[in-house]
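no sequence for this one, just the structure:
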């Protein structure tokens, strides 16, 4: 009993042969199958498997592309959620998210710079919102060019906040003076309040004092110039 294969000269191909004695009446059963018949299904199966492999590769490529697109869309949505659409600066959401982390992001000191663009509402009323938007973009650019972009925020309509980490006041004032001169050349003016703390840093006090100083400067500007708010 068992299996064997041999080349058949009469058939012209290999025969796969099986022989088994049968208990009944001392019979024996022998079965031979030509190779073309034995492997007929295998060829179809190979074709089917090859098709599945191609399909699997296409599906894998599709899912990789889909993951890439989804990742890009999520990154874009996150960027839009964190950035001010008009100026490109970090927005109020980012400010609220990050402000509590600043004491741990500086070694010695932290300075809060609170800025207000003077005359925005009057500019909007007299020349239209496009002129006001241009003013805000110009102010944003002046700040972004002189301070770390990740520390510059537009937190309201005409209000900006900048944090300077471990930077001496002389350097900060020089940068603000440069920004003020740059803006003045373009017909804009900003009111700026500063507050600096050495470690340990109380963020609530730091920001509120800088804001209060800014409003003091703002009141002086309008009293001095008689300009409309």
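Received, thanks. Keep in mind that what you see is a predicted model, and the values were worked out from it rather than measured. Residues are numbered from 1 along each chain as shown.

The residue most central in space within the chain and residue 45, how far apart?
Nearest residue to the geometric centre of the chain (C-alpha atoms, centre = their mean): residue 75, 3.2 Å. Distance check for residue 75 against residue 45: by C-beta to C-beta, to the nearest Å, it reads 44 Å. Just so you know, the C-beta spots here come from the backbone N, C-alpha and C atoms, and that holds for glycine as well.

Name the SS class of the nearest residue to residue 218 once chain neighbours are set aside, please.
Nearest residue to residue 218, sequence neighbours excluded (C-beta to C-beta, 6 or more residues apart in numbering): residue 191, at 3.9 Å. Recorded secondary structure, residue 191: strand (DSSP: H, G, I helix; E, B strand; the rest coil).

ok, residue 191 - contacts?
By C-beta atoms under 8 Å, 6 or more residues apart in numbering, residue 191 lies in contact with 115-116, 118, 214-215, 217-218, 221.

on that earlier part again, please identify which helix or strand holds the residue nearest to the centre of the chain.
helix 40-82 (DSSP states H and E).

quick revisit: most neighbours among the contacts of residue 191, please name it.
Of all these, the highest neighbour tally under other C-beta atoms under 10 Å goes to residue 115, namely 26 neighbours.

Identify the residue spatially nearest to that residue, adjacent ones excluded.
residue 160 (4.2 Å).

ok but the one you found is inside a strand, no?
Yes. Assignment of residue 160 by three-state DSSP places it within a strand.

check contacts around it.
89, 114-117, 139-140, 143, 152-154.

for residue 156, phi and psi?
Main-chain torsions, residue 156, degrees, to the nearest 10: phi -160, psi -170.

Residue 170: what secondary structure?
Relying on three-state DSSP, one would call residue 170 helix.

whoops, I mixed them up, residue 3
strand.

ok, the closest residue to it other than its chain neighbours to residue 83 distance?
Nearest residue to residue 3, sequence neighbours excluded (C-beta to C-beta, 6+ apart): residue 18, at 5.5 Å. Relative to residue 83, residue 18 is positioned 76 Å away (C-beta to C-beta).

What mean pLDDT does stretch 13-22 get?
Stretch 13-22 carries an average pLDDT of 83.

mind listing what's buried in that stretch?
Using 16 or more other C-beta atoms under 10 Å as the test for burial, stretch 13-22 gives 14-16.

ok, now stretch 183-197?
183, 188-197.

Pipe those residues into JSON lines and attach pLDDT and distance to residue 205 per row.
Formatted as JSON lines, the buried residues of stretch 183-197 follow (pLDDT from 0 to 100; distance: C-beta to C-beta, whole Å):
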{"residue": "183", "pLDDT": "96", "distance to residue 205": "28"}
{"residue": "188", "pLDDT": "95", "distance to residue 205": "30"}
{"residue": "189", "pLDDT": "94", "distance to residue 205": "27"}
{"residue": "190", "pLDDT": "96", "distance to residue 205": "23"}
{"residue": "191", "pLDDT": "96", "distance to residue 205": "20"}
{"residue": "192", "pLDDT": "97", "distance to residue 205": "18"}
{"residue": "193", "pLDDT": "97", "distance to residue 205": "13"}
{"residue": "194", "pLDDT": "97", "distance to residue 205": "14"}
{"residue": "195", "pLDDT": "97", "distance to residue 205": "8"}
{"residue": "196", "pLDDT": "97", "distance to residue 205": "12"}
{"residue": "197", "pLDDT": "96", "distance to residue 205": "8"}
